[in-house]
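Enquirer: Attaching a predicted model along with its sequence, questions to come.
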Amino acid sequence: MKRSALASIALALSMSAAHAQTIGVSMSDLDKFRTALLDGITAHAKTISGTKLLTENAKGDAELQKKQMQKFVADKVDAIIVTVADGDLGPQLTKIAVDGGVPLVYLNNVPSNLEDLPATQAVVASNEKESGTMQTKEVCARLNGKGRVVVLMGEPFSPAARMRTQDIVDVIATPECKGLEIVERQAAYWSRDYADQQMQEWLAAGVKFDAVIANNDEMALGAIRALKKANVPMKDVVVAGIDATDDALAAMVAGELDVTVLQSATGQGAGALDAAIKLAQKQTVPRENDIPFELVTPQTAAKYLPKSQ
């Protein structure tokens, strides 16, 4: 009986060890949204027994991110999740993972080598064609198809920033929105402070505009801060962002932000961890895993507010 019991315990322990997974996570940076992505991974990991996370912040530095990837490989993690600092860095990160025999999941940002990803790699993101398109169509509707627009872009080499900006251009080219004109567009690096500074420069230069379309909420909030400091009535400017962060929703309730688009950080983070664990267990995962965007306006904001509000 003792031998049988010991054998059962040993089997249980070996099965538990077999399911334990160590996942390396390299975040390109930790602004408000990317922190929410990491929180989504961390929260989901707590629900999966035996899952250990090793997390790193590349702070926007491509070379640092490559070193973090190499360290994960050297540490023999079971899989890696990465929000790539530069989409064009994808081929190099893919090679590091392939050479190290470690599955890789790209989170949020789509790498430039998407079509060439091996079966051991996948992308979990939202379709950026939806984000900027939803955002700009709503701005167009609020301006009745006519007006002057300034655009605040994210990091110049970010695939999300590129696509969201192209979405704006594409919508303005449609017959119903061709009365819109982009009068200025500048990169504000996803940052509230940079957007505030850029908006102050436009205002000081006498740039006239009816709407601000920002690639994310942080930049939209920076623009709002600058507009308020300049005593510009918020009712006179349509301001649009993307992400539906808590701060953005609060600004919407306050009548300052007009449009945002929910990008589910929780859904993307959890989806990336699920994909990483499946790949580590040699299961098949689709190359592209889409988490849908949702348009948020003052009329629908209540359903997206934090539960405590």
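Expert: Thanks, I have the structure now.

Enquirer: pretty sure Val150 belongs to a strand, no?
Expert: Yes. Assessed by DSSP: H, G, I helix; E, B strand; the rest coil, Val150 belongs to a strand.

Enquirer: can you pull the contacts of it?
Expert: By C-beta atoms under 8 Å, 6 or more residues apart in numbering, the contact set of Val150 is 182-185, 202, 207, 209, 211-213. Where C-beta positions appear, they are placed from N, C-alpha and C, glycine not excepted.

Enquirer: Could you check how far it is from Val169?
Expert: 14 Å (C-beta to C-beta, to the nearest Å).

Enquirer: Name the residues contacting each of the two.
Expert: Ile182.

Enquirer: So which residues of the protein form helices?
Expert: Secondary structure of the chain (DSSP state H): helices at 2-19, 32-45, 62-74, 90-100, 128-142, 159-172, 192-204, 217-229, 246-253, 265-280.

Enquirer: Dump these into TSV; add distance to Ser26 and mean neighbour count as well.
Expert: Below are those laid out as TSV (distance: least, C-beta to C-beta, whole Å; neighbours: other C-beta atoms under 10 Å):
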stretch	distance to Ser26	mean neighbour count
helix 2-19	24	9
helix 32-45	10	19
helix 62-74	5	18
helix 90-100	9	18
helix 128-142	21	22
helix 159-172	16	21
helix 192-204	23	19
helix 217-229	21	24
helix 246-253	25	20
helix 265-280	12	22
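
Enquirer: could those helices go into JSON lines alongside mean pLDDT and distance to Val237?
Expert: Compiled in JSON lines, the helices of the chain are given as follows (pLDDT from 0 to 100; distance: least, C-beta to C-beta, whole Å):
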{"stretch": "helix 2-19", "mean pLDDT": "38", "distance to Val237": "53"}
{"stretch": "helix 32-45", "mean pLDDT": "94", "distance to Val237": "22"}
{"stretch": "helix 62-74", "mean pLDDT": "97", "distance to Val237": "36"}
{"stretch": "helix 90-100", "mean pLDDT": "97", "distance to Val237": "37"}
{"stretch": "helix 128-142", "mean pLDDT": "96", "distance to Val237": "11"}
{"stretch": "helix 159-172", "mean pLDDT": "95", "distance to Val237": "16"}
{"stretch": "helix 192-204", "mean pLDDT": "98", "distance to Val237": "10"}
{"stretch": "helix 217-229", "mean pLDDT": "98", "distance to Val237": "6"}
{"stretch": "helix 246-253", "mean pLDDT": "96", "distance to Val237": "13"}
{"stretch": "helix 265-280", "mean pLDDT": "96", "distance to Val237": "27"}
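
Enquirer: Distance to Lys303 for those helices - can I get that in CSV?
Expert: Formatted as CSV, the helices of the chain follow (distance: least, C-beta to C-beta, whole Å):
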stretch, distance to Lys303
helix 2-19, 37
helix 32-45, 18
helix 62-74, 36
helix 90-100, 35
helix 128-142, 16
helix 159-172, 23
helix 192-204, 25
helix 217-229, 17
helix 246-253, 10
helix 265-280, 15
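
Enquirer: Break this protein into its domains for me.
Expert: 2-126+265-291, 128-262 (automatic domain parsing).

Enquirer: what's in contact with stretch 25-43?
Expert: Under C-beta under 8 Å, 6+ apart, the answer for stretch 25-43 is 53-60, 65, 68-69, 72, 80-85, 107-109, 190-191, 216-218, 243, 245, 247, 263, 265-270, 272-273.

Enquirer: same deal with stretch 222-238?
Expert: Taking C-beta under 8 Å, 6+ apart as the rule, stretch 222-238 contacts 139, 142-143, 147, 152, 188, 191-200, 203, 209-212, 214, 239, 251, 255-259.

Enquirer: And the domains of the chain: which comes nearest Tyr304?
Expert: Nearest to Tyr304, of all those, is domain 128-262, at 5.5 Å by C-beta to C-beta.

Enquirer: tell me how far the ends of that closest one are from each other?
Expert: 12 Å (C-alpha to C-alpha, to the nearest Å).

Enquirer: Next: stretch 143-161.
Expert: Between where stretch 143-161 begins and where it ends, there is a gap of 23 Å, by C-alpha to C-alpha.

Enquirer: Can you tell me the centre-most residue of the chain?
Expert: Asn108 (4.6 Å; C-alpha atoms, centre = their mean).

Enquirer: show me what contacts it?
Expert: 34, 37, 83, 124-126, 160, 268.

Enquirer: Equivalent analysis for Ala122, please.
Expert: Ala122 touches 104-106, 275, 279, 285-289, counting by C-beta under 8 Å, 6+ apart.

Enquirer: Going through these, which ones are buried?
Expert: 104-106, 275, 279, 285, 289 (16 or more other C-beta atoms under 10 Å).
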